Structures are given as C-alpha cells and as structure tokens.
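K.L.:
How does the following fold in three dimensions:
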Amino acid sequence: MLVKVYGSAVFGVEATTITVEVNVDKGIGYHLVGLPDNAIRESSYRIAAALQNNSYKLPGKKITINMAPADLRKEGSAYDLTLALGILSASSQIKAPHIEDYLIMGELSLDGSLQPIKGALPIAIKAQEEGFKGFILPKQNATEAAIVNGLEVYGVENITEVIDFFDKGEALERTVVDTRKQFYENLEHPEFDFADVKGQESIKRCMEIAAAGGHNIILIGPPGSGKTMLAKRLPSILPPMTLHEALETTKIHSVVGRTSNLGGLMAARPFRSPHHTISDVALVGGGTYPQPGEISLSHNGVLFLDELPEFKRSVLEVMRQPLEDREVTISRAKFTVTYPSSFMLVASMNPSPGGYFNDPDAPVTSSPAEMQRYLSKISGPLLDRIDIHIEVTPVPFEKLSEGRKGESSVVIRERVTEARKIQTNRFKNLKNVHYNAQMGVKQIREFCGLDEASKQLLKTAMERLNLSARAYDRILKVSRTIADLENSEKITGNHISEAIQYRSLDRDGWLG
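P.N.:
Next comes the predicted model:
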C-alpha cells in the first residue's frame with residue numbers, strides 16, 4: 001500500500017516541502033531513497049524501538065521510502081515522526097484518511113517521546129503558504145510555529161498522541177498565539193541602561209548618532225575606560241523592532257534552533273559578542289550544509305567585536321562584503337544560500353599592545369611604531385566601512401564618585417526613534433533603504449546636499465586628512481543623521497564639522 005506524508009527541509013531561511021512516499025509490499029527489506037543523510041538513515045532504529053515501546057511494530061515486509069524531490073539533499077533527525085506515521089499508515093496498522101492535510105515533523109526518542117526540531121518557524125510559514133490544514137510538531141516548538149496565523153498548530157509530546165489523533169479521532173490541543181499582542185507585550189525593558197554610565201557624555205552622543213542612523217562605530221581607548229559597558233547598552237536605545245523585523249530575525253534564530261527558550265517571536269534586538277578566536281566560517285556562516293553565522297544571527301541588531309585587532313585578519317576581511325551588501329551569499333557546487341545580515345557593527349580596541357595611548361605617565365607605554373604596527377592589523381578598507389571612529393578616555397574620579405544619574409536609555413531612545421521616523425518617511429519609496437547608513441551613492445547625492453560653505457569645509461578636511469571617497473560618503477551619511485536628530489531639513493557646517501570629528505583614525509598625528 002502506498003501512502004504520502006509531508007515533511008519539510010530548510011535551506012537558508014526558507015523551507016521546501018518534502019513528500020515522503022511510503023510503500024509497503026511483499027518481500028523483506030528497508031529501502032530509504034531520496035538523498036537522505038546518515039541521521040535520516042539511522043531513523044529506522046529509532047522508529048523500530050519507538051513503535052515497539054508503544055505496542056506497534058515495524059512490519060517485516062519490503063518497505064520502500066522515497067523522499068521527493070529526490071535530487072534535494074535531506075538532513076537531520078526531524079523526519080522520524082513523518083516516516084513513522086507513513087509506515088504505520090502504509091502497513092494498515094492505523095487508519096489515517098486525512099494525513100495528507102497535515103505537515104508532520106519531529107525527532108523520536110526510543111520511548112516514543114518527541115525531541116525539538118530546528119527551523120519550525122520557516123516550516124510553518126511554508127505550510128501556511130501551501131494550504132496545509134495543520135502542522136504537527138514537538139511541543140517545545142509549538143509556540144514558535146504558532147506565530148503563523150491561519151495554520152492549526154498542534155504541539156505533541158509522544159507519538160501515541162499523533163496516532164490516536166489520526167486513527168481514533170482523539171483531539172489534540174491546539175497552540176494559539178496572538179502574535180501582535182505577544183509582540184507588543186514583550187517589547188524589551190532594557191536590562192542595561194545608559195543611566196548607569198558615569199561621565200562619557202561625548203561618547204553617549206556618538207552612540208545616539210550611531211543608533212539614530214544605524215551607523216557602524218569603533219571605540220578606541222585604554223582598559224577600563226568603559227568601551228564594553230557602552231557597547232552593551234547600545235541595543236537599549238535602538239528603536240523597538242517592527243513586527244516584520246521581529247519575524248525576519250526569529251526565522252534566522254529558528255534555523256539554528258536558538259528560539260526554544262524565547263517562547264515565540266523575538267521582541268528584543270539581538271546582541272552578539274563572539275570571542276576573538278572565532279573562525280571566518282563561524283562569523284559569516286557556512287559549512288557543508290550552510291548555517292547562519294554570527295553576522296546573520298545579529299541581523300536587525302548589534303554585532304560587538306571586542307578587542308578588534310586580536311581577531312584573525314582573514315576573519316575581519318570576510319566581513320567587508322556583508323557590511324556593504326547587508327546580506328551574505330554562501331555558494332556550494334549544487335546550491336546557493338543567501339542569509340540577511342543587516343547589523344550594526346560596534347567594535348572596540350586598545351590603541352596599542354600595552355593598552356594605553358602614547359602617554360609617558362601610563363602604566364605600560366608603547367612607542368608610536370608599536371602602536372602603528374598594532375593598528376595596522378586592521379585593514380584600511382574595513383575601517384572605511386566604519387562610519388564613526390571615537391576615542392574613549394578614562395572617567396575621572398569626580399565623575400565616578402558623583403551620585404547624580406545620567407540620562408536614561410528610555411529618553412535617548414525617544415530621540416532616536418523620532419530621527420528614525422524622519423528617515424522612514426524619507427526612504428518610503430525605496431525598497432532596501434530604511435535608515436541613513438543604508439544609503440547608496442545615488443541616495444547620498446539626493447538627500448545630502450551641501451551649501452557652498454559646507455562644501456568648502458569638507459574639501460579642506462578631505463585634503464588635510466587624505467580621506468578616501470568612501471570616508472567622504474560616510475561623513476555625509478553621519479551629518480545627515482546629526483541633522484535628523486536636530487530635525488533639520490538641511491545639512492549645515494556644524495553638522496559636517498561634528499561628523500568630521502568622528503573620523504579619529506583618519507587624523508594625522510593621532511598617534512602623537
């Protein structure tokens with residue numbers, strides 16, 4: 001008897017429906033075809049034990065299973081439940097006339113209980129698009145899948161629940177999530193607040209500008225000056241995620257199985273801080289079957305690289321293209337996967353191997369030559385892609401000891417959100433541009449017009465600092481953001497001069 005059951009495979013952040021055809025005939029043998037990997041090939045042992053422990057059995061006949069499309073590689077253990085239900089139905093151990101109306105996924109334990117799967121959200125979106133009535137999956141993933149409206153989602157703990165649902169008509173408990181209500185209830189209440197930061201008013205101003213325009217920023221300063229403390233508080237002043245951004249971000253985290261503890265839709269912007277020993281594949285994504293890397297996991301959020309010169313140069317260089325294109329494409333012989341990677345890069349570094357500026361009173365001094373050698377670990381093209389370079393100096397005792405609290409993240413975020421609204425309105429007719437940092441050359445020429453005095457000021461700065469064309473564009477983008485924070489339609493000389501100050505590493509004599 002031939003039976004069709006439906007599962008799904010995830011490639012990138014999109015799912016593809018897999019038709020599992022199970023045929024039970026005279027003879028003996030177990031034949032699994034359709035490019036399954038080892039995890040799927042081993043499923044026969046898990047299925048046999050799970051059925052045996054729940055009063056069913058793997059029939060002693062010729063079982064042929066085809067996973068179509070047969071030329072598409074399938075991987076992982078999430079097809080166990082799909083295969084088990086197909087075998088039971090094809091061998092007439094259960095009656096399941098409506099099994100083709102449901103998409104079924106889940107990994108089986110030997111006692112028949114279900115283990116969580118990866119990619120539940122993209123699979124649920126695909127099931128809804130293709131008109132399936134419902135999606136049956138492990139209970140741990142049910143809240144995540146129930147984000148998708150118009151699809152019946154059933155979270156189950158054991159294979160017997162699914163068998164009784166199809167064979168005996170016993171009802172399963174449907175998981176229902178009010179996506180919008182849950183999202184707006186979970187909008188983050190920041191764990192880290194800028195009110196905790198003593199002093200550093202100029203750096204807070206830089207962080208506000210970076211958040212308002214989505215600009216990349218690098219903080220340069222000695223140990224203990226507050227670089228990491230400031231970076232960790234940046235997500236608290238970013239505008240709340242839109243529903244679309246939250247769905248997009250959750251899909252990426254779902255693919256790597258990172259949403260199980262989050263309970264559905266992500267409301268907080270991601271903050272990723274990989275260690276400097278990370279490999280280039282772990283950072284940008286890849287592997288035999290490409291998975292998202294840290295830059296994609298920080299999509300719509302912040303990627304913080306602490307101690308930037310300590311990262312391998314090859315790791316930093318592979319970031320150059322994703323920083324420009326805001327997506328990363330990983331190619332293999334038979335397929336290509338594209339992951340979104342629109343993130344804010346926040347980097348921090350010491351100015352020298354000893355950790356201090358060229359200061360004779362510093363505990364550990366480094367010569368200008370040593371400082372130059374240390375800084376040269378970061379390539380010019382990568383620094384050009386960072387809009388704001390700012391020096392962070394240690395906070396004096398008077399500031400540390402004062403009881404007065406600084407401006408809170410909530411107040412700063414209000415200003416940032418207002419500036420972002422101006423940008424949203426400005427770019428409403430453009431598909432891939434939502435804030436100033438995403439502007440291309442065409443948009444810069446259109447929205448960053450300068451008067452004659454501002455042009456002259458910028459020309460002087462370009463000649464004296466020997467800035468590249470990309471640095472020129474960065475200055476214009478940052479000035480546009482500063483103008484937006486002041487609700488100014490035109491960019492003035494004050495905006496340009498402030499933006500030029502935020503190119504510390506381009507200034508002659510920076511090394512003393």
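K.L.:
Return the set of buried residues in stretch 94-106.
P.N.:
Under the neighbour-count criterion of 16 or more other C-beta atoms under 10 Å, stretch 94-106 has Ile94, Ala96, Ile99, Tyr102, Leu103, Ile104, Met105, Gly106 buried. To be clear about C-beta, it is placed using only N, CA and C from the backbone, and glycine gets the same treatment.
K.L.:
Do a quick rundown of the strands in the stretch 351-500 of the chain.
P.N.:
Assigned by DSSP state E, counting those that start in this stretch, the strands in the stretch 351-500 of the chain fall at 388-391.
K.L.:
In it, where is pLDDT below threshold?
P.N.:
Applying pLDDT under 70 to the stretch 351-500 of the chain picks out residues 357-362, 403.
K.L.:
What segments of it are helices?
P.N.:
Assigned helices in the stretch 351-500 of the chain, in chain order: 368-375, 380-384, 397-401, 409-426, 441-447, 452-465, 469-485, 493-501 (criterion: DSSP state H, counting those that start in this stretch).
K.L.:
Just say which of these is most tucked in.
P.N.:
helix 469-485 (a mean of 23; mean count of other C-beta atoms under 10 Å).
K.L.:
Among the helices of the stretch 351-500 of the chain, which comes closest to Phe194?
P.N.:
Phe194 lies closest to helix 409-426 among those, at 4.7 Å (C-beta to C-beta).
K.L.:
now the angle from that closest one to helix 469-485?
P.N.:
Using axes from the mean of the first three to the mean of the last three C-alpha atoms, to 10 degrees, the direction of helix 409-426 lies 110 degrees away from that of helix 469-485.
K.L.:
for helix 409-426, packing partners?
P.N.:
With contacts taken as 3 or more C-beta pairs under 8 Å, 6 or more residues apart in numbering; DSSP states H and E, helix 409-426 sits against helix 201-213, helix 469-485.
K.L.:
For Val177, find the nearest of the helices of the stretch 351-500 of the chain.
P.N.:
Closest approach to Val177 among the helices of the stretch 351-500 of the chain (C-beta to C-beta): helix 409-426, 26.3 Å.
K.L.:
Pull out the C-alpha coordinates of the closest one and format them as PDB.
P.N.:
C-alpha atoms of helix 409-426 as PDB (Å, rounded to 0.1, in the frame of the first residue of the first chain):
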ATOM      1  CA  SER A 409      18.100  54.900  27.700                       C
ATOM      2  CA  VAL A 410      14.400  55.500  27.500                       C
ATOM      3  CA  VAL A 411      14.800  59.300  27.000                       C
ATOM      4  CA  ILE A 412      17.600  58.800  24.500                       C
ATOM      5  CA  ARG A 413      15.600  56.100  22.600                       C
ATOM      6  CA  GLU A 414      12.700  58.600  22.200                       C
ATOM      7  CA  ARG A 415      15.100  61.000  20.300                       C
ATOM      8  CA  VAL A 416      16.500  58.100  18.200                       C
ATOM      9  CA  THR A 417      13.000  56.900  17.300                       C
ATOM     10  CA  GLU A 418      11.900  60.300  16.200                       C
ATOM     11  CA  ALA A 419      15.000  60.600  13.900                       C
ATOM     12  CA  ARG A 420      14.300  57.100  12.500                       C
ATOM     13  CA  LYS A 421      10.700  58.200  11.700                       C
ATOM     14  CA  ILE A 422      12.100  61.100   9.600                       C
ATOM     15  CA  GLN A 423      14.300  58.600   7.800                       C
ATOM     16  CA  THR A 424      11.500  56.100   7.300                       C
ATOM     17  CA  ASN A 425       9.400  58.800   5.700                       C
ATOM     18  CA  ARG A 426      12.400  60.000   3.600                       C
END
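K.L.:
How about residues contacting it?
P.N.:
Contact with helix 409-426 is made by 190, 192-195, 204, 208, 211-213, 233, 236-240, 434-436, 447, 481, 484-485, 487, as judged by C-beta atoms under 8 Å, 6 or more residues apart in numbering.
K.L.:
Give me the distance between Phe427 and Tyr435.
P.N.:
Using C-beta to C-beta, to the nearest Å, Phe427 is found at 8 Å from Tyr435.
K.L.:
for Leu465, same thing?
P.N.:
26 Å.
K.L.:
before we move on, what about Phe397?
P.N.:
38 Å.
K.L.:
Phi and psi next, for the residue most central in space within the chain.
P.N.:
Nearest residue to the geometric centre of the chain (C-alpha atoms, centre = their mean): Leu297, 2.5 Å. Leu297 has phi and psi values of phi -70, psi -20 when expressed as degrees, to the nearest 10.
K.L.:
correct me, but it touches Ile252?
P.N.:
Yes. Between Leu297 and Ile252 there is a contact under C-beta atoms under 8 Å: 6.3 Å.
K.L.:
For the stretch 151-300 of the chain, just list every one of the strands.
P.N.:
With DSSP E, counting those that start in this stretch, the ranges of strands along the stretch 151-300 of the chain come out as 152-156, 217-220, 271-272, 285-286, 291-292.
K.L.:
Please name whichever of these is nearest to Pro309.
P.N.:
Comparing those by their distance to Pro309 (C-beta to C-beta), the top pick is strand 217-220, with 10.5 Å.
K.L.:
Now find how far off-centre stretch 451-458 is within its chain.
P.N.:
39 Å (C-alpha atoms, centre = their mean, to the nearest Å).
K.L.:
any idea how far the residue nearest to the centre of the chain lies from Tyr356?
P.N.:
Leu297 sits 34 Å away from Tyr356, going by C-beta to C-beta.
K.L.:
What of Ser348?
P.N.:
Using C-beta to C-beta, Ser348 is found at 15 Å from Tyr356.
K.L.:
what does Val153 give?
P.N.:
Taking C-beta to C-beta, one finds Val153 at 57 Å from Tyr356.
K.L.:
can you check Thr19 too?
P.N.:
From Thr19 over to Tyr356 the distance is 64 Å, taken as C-beta to C-beta.
K.L.:
neighbour count winner among these two?
P.N.:
The residue with more neighbours, out of Thr19 and Tyr356, is Tyr356; 21 against 15, by other C-beta atoms under 10 Å.
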